[in-house]
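Participant: based on what follows, work out the 3D shape:
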Amino acid sequence: MRVVRVFTGDDVRYGLADEGSITLISDEPFAAWETEETIALHGARLMPPSMPTKIVCVGINYKAHAAEMGHKLPKEPVIFLKPPTTMNATGGEIHLPPGVGRVDYEGELAVIMGRRAHRVPVGDALSHVLGYTCANDVTARDLQKLDGQWTRAKGFDGFCPLGPWAETDVDPSDLLLETYLNGECVQTTRTSDMIFSVPEVVSFVSHVMTLLPGDAVLTGTPSGIGPMAAGDVVEVRIEGIGSLINRVV
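Facilitator: This next block holds a predicted model:
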C-alpha cells in the first residue's frame, strides 16, 4: 500500500495510491479511516508522506561512507535532528542558501512511523512503522566542517526532501538504493550493507526519545556523496518504493 499526502487545490489530504489513481481517505492513516473519492495520480501534486514532529537521522550507517568521511565505525547509531521546516516534496526545489559553499546530496531510506514508539525492543520495532520512503539528507558540507556539529549544515529550509509516498509493503532489510545526479548514478548500495539495521535504528532512537506517528527516521547514506549546483536534478531511487526527484536552484 502506498500512503500519500496530496494537495487537492483546497487542502492537503491523505490517500492510497496505485499505478494510476489516488483514493482519498477520511482521516490520517494513523487513525481509523474510510475511503472516499478517487483522483488521478498523474499530475497530482504530491506532498511529503507525513508531517513529522521530528526528523531523526543516523549520521554514519554504511561502512564505505564512514571511510569516505574519515570516521571510525560507530559502536552505536550516531543520531541528530533536522527540524520539520526542512521538509520538501518530490518535485520541490532545493534552494542553495545565499553565501553557503558546498551543498551535498545524501540519498537515504527513510522510515515513517505509524505508532507511538517508546523504548521498543528490536524485535518489535517494525510493528511500529507505517512504511518507507526515499529521502535526501541535504547537507551544507562547509558549514558542517566549520561548526563541528551538524544542526546548521543540515537544518536549512527544504533540506529534507521525502517522497514520493510511504510504501507499507516492503522489506527494508535488503533494498537497492541509488542516487542519480543529472541522470548519472553517483550512489549505489543495498540496505543490507547498513551497520545498524532498520529495527536496530528504530529501537535505539525510541530509547532516547519517543517516536510519534508520522515522525521520520532517516537511516544513513552510503558512499558517493557529492556537491550539487544550481540547475542540477537529483533523484533518489529505492527498489520497491519509487523515486524522489528534486531540482536545485
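
Participant: from what I can see Ala135 touches Leu218, true?
Facilitator: Yes. Using CB atoms under 8 Å, Ala135 is in contact with Leu218, at 5.0 Å. Every residue, glycine included, has its C-beta placed from N, CA and C.

Participant: overlap of the contact sets of these two?
Facilitator: Glu108, Leu109, Ala110, Cys160 (CB atoms under 8 Å, 6 or more residues apart in numbering).

Participant: quick check, Ala64 in a strand?
Facilitator: No. According to DSSP: H, G, I helix; E, B strand; the rest coil, Ala64 belongs to no strand; its state is helix.

Participant: helix, strand or coil for the residue nearest to it when sequence neighbours are not counted?
Facilitator: Spatial nearest neighbour of Ala64, excluding adjacent residues (CB to CB, 6 or more residues apart in numbering): Ser223 at 3.7 Å. When classified by three-state DSSP, Ser223 comes out as coil.

Participant: which element follows the helix or strand of the chain with the lowest mean pLDDT toward the C-terminus?
Facilitator: None of the helices or strands of the chain scores lower by mean pLDDT, DSSP states H and E than helix 63-69, at a mean of 81. Counting by DSSP states H and E, the next helix or strand C-terminal to helix 63-69 is strand 79-82.

Participant: pLDDT below threshold where in the protein?
Facilitator: In the predicted model, the chain carries no residue with pLDDT under 70.

Participant: mind checking the longest helix of it?
Facilitator: Counting by DSSP state H, the longest helix found in the chain is helix 198-206.

Participant: helix or strand next in line after it, which one?
Facilitator: strand 216-218.

Participant: which other helices and strands does that next one contact?
Facilitator: strand 55-58, strand 107-113, strand 129-136, strand 160-167, helix 198-206 (3 or more CB pairs under 8 Å, 6 or more residues apart in numbering; DSSP states H and E).

Participant: quick check: domain ranges of the chain?
Facilitator: Domain ranges of the chain: 2-46, 48-248, per automatic domain parsing.

Participant: what about Leu177, distance to Pro121?
Facilitator: Using CB to CB, to the nearest Å, Leu177 is found at 26 Å from Pro121.

Participant: ignore the last one, Pro52
Facilitator: 23 Å.

Participant: so the two - more neighbours on which side?
Facilitator: Pro52 (24 against 10; other CB atoms under 10 Å).

Participant: OK, contacts around that one?
Facilitator: By CB under 8 Å, 6+ apart, the contact set of Pro52 is Pro84, Met87, Met113, Leu212, Gly214, Asp215, Ala216.

Participant: the second one: neighbour count?
Facilitator: It stands for Met87. 22.

Participant: could you find the closest non-adjacent residue to it?
Facilitator: Pro48 is the one closest to Met87 (CB to CB, 6+ apart), at 4.9 Å.

Participant: check contacts around the one you found.
Facilitator: Arg5, Met87, Asn88, Ala89, Pro161, Leu162, Gly163.
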